[in-house]
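Engineer: just need the structure, nothing else, for what follows:
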Amino acid sequence: MNRAFNSIVVVAIIAVIIGCWGFQQSAFSQDGKCGDGICDEFEKRAHPNACPKDCKENCVGEAGSIPVIPKAPSCCEGLTLIKPKEPEIIGSQGTCTSKCGNGACDLSTETAYNCPQDCAATTYRDVPKNNLTEEKGIVVAKESCEAEGGKWGIWSDVPGARPECNLPTSDSEKSCEDSRECESYCEAPKDAEMGIKSVGRCYGFKKAISIKEIKNGIVAAEWCY
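Structural biologist: Below you'll find the predicted structure:
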């Protein structure tokens, strides 16, 4: 009789274990989050090894950044480390993602700099600064700038300045007595003398090379690059 009783107990225990495991797996699969690169509370509670793709110890999930430190964590399984969004970003090795290469430019993590296959430069806005010397980048940028009514050129006397887009303003020719009244500058008449009171017109572009500027109703500055 003891053997029969023991057998029943063993079978009951196995049934409970299988039932719990099945319930856990069912609930986990219904949640549908395993594999998204995020080790959420559900996955942590479900089982220590329920979703190793997401809950790998010390790994960085989707859209996470890996810092430049000794023994830095690695990307979670299935994710690839791409460069930071811009070359100016320091302190980061890059971003972990599974999206680079899928044909869609994810603006939260991707740019023409770190994922050109998805975010090929199509306007002057997304041509990385360090790529402006490349012939293709300049052509694309110049054409898209001019298509918006802008002027393509160098608008600074800083050594090494690169070409950029100078877009038109929306308040061109509006009467003004100070640059604060304009999108860009309050331009004095060409023949206006320095230090006199004057009424000017809002300049037609956001950047200027040579201009007489009015401040507080006075022709106060004349500069030329």
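
Engineer: so residue 86, which of the three states?
Structural biologist: coil (DSSP: H, G, I helix; E, B strand; the rest coil).

Engineer: quick one: residue 145 is in a helix?
Structural biologist: Yes: looking at residue 145 with three-state DSSP, it is inside a helix.

Engineer: how many residues are close by it?
Structural biologist: When neighbours are defined as other CB atoms under 10 Å, residue 145 has 22 of them. Every C-beta, even on glycine, is put in place using the N, C-alpha and C of the backbone.

Engineer: straight-line length of stretch 162-172, end to end?
Structural biologist: With CA to CA, to the nearest Å as the measure, the ends of stretch 162-172 fall 26 Å from one another.

Engineer: can you check stretch 82-93 too?
Structural biologist: First-to-last residue span, stretch 82-93, CA to CA: 8 Å.

Engineer: excluding chain neighbours, what is closest to residue 155?
Structural biologist: Of all residues not flanking residue 155 in the chain, residue 207 sits nearest, at 4.1 Å (CB to CB, 6 or more residues apart in numbering).

Engineer: ok, that neighbour to residue 108 distance?
Structural biologist: Counting by CB to CB, to the nearest Å, the gap from residue 207 to residue 108 is 30 Å.

Engineer: which helices and strands sit right next to the helix or strand hosting residue 94?
Structural biologist: In this structure, residue 94 sits in strand 92-97 according to DSSP states H and E. Packing partners of strand 92-97 (3 or more CB pairs under 8 Å, 6 or more residues apart in numbering; DSSP states H and E): strand 65-67, strand 80-82.

Engineer: before we move on, the earlier item: distance of the residue nearest to residue 155 relative to residue 92?
Structural biologist: In this view, residue 207 and residue 92 are 31 Å apart by CB to CB.

Engineer: more neighbours: which of the two?
Structural biologist: Each of residue 207 and residue 92 has its neighbours counted (other CB under 10 Å); residue 207 has more, 18 against 14.

Engineer: I figured the more buried one was touching residue 183, is that so?
Structural biologist: No: Residue 207 is not in contact with residue 183 according to CB atoms under 8 Å; the separation is 11.1 Å.

Engineer: can you list contacts of stretch 147-157?
Structural biologist: With CB atoms under 8 Å, 6 or more residues apart in numbering as the test, stretch 147-157 has contacts from 124, 141-142, 145-146, 161-168, 205, 207-209, 225.

Engineer: what do you get for stretch 216-225?
Structural biologist: Surrounding stretch 216-225, the residues in contact under the criterion CB under 8 Å, 6+ apart are 155-157, 177-178, 188, 192-199, 209-215.

Engineer: okay then, goodbye and thanks.
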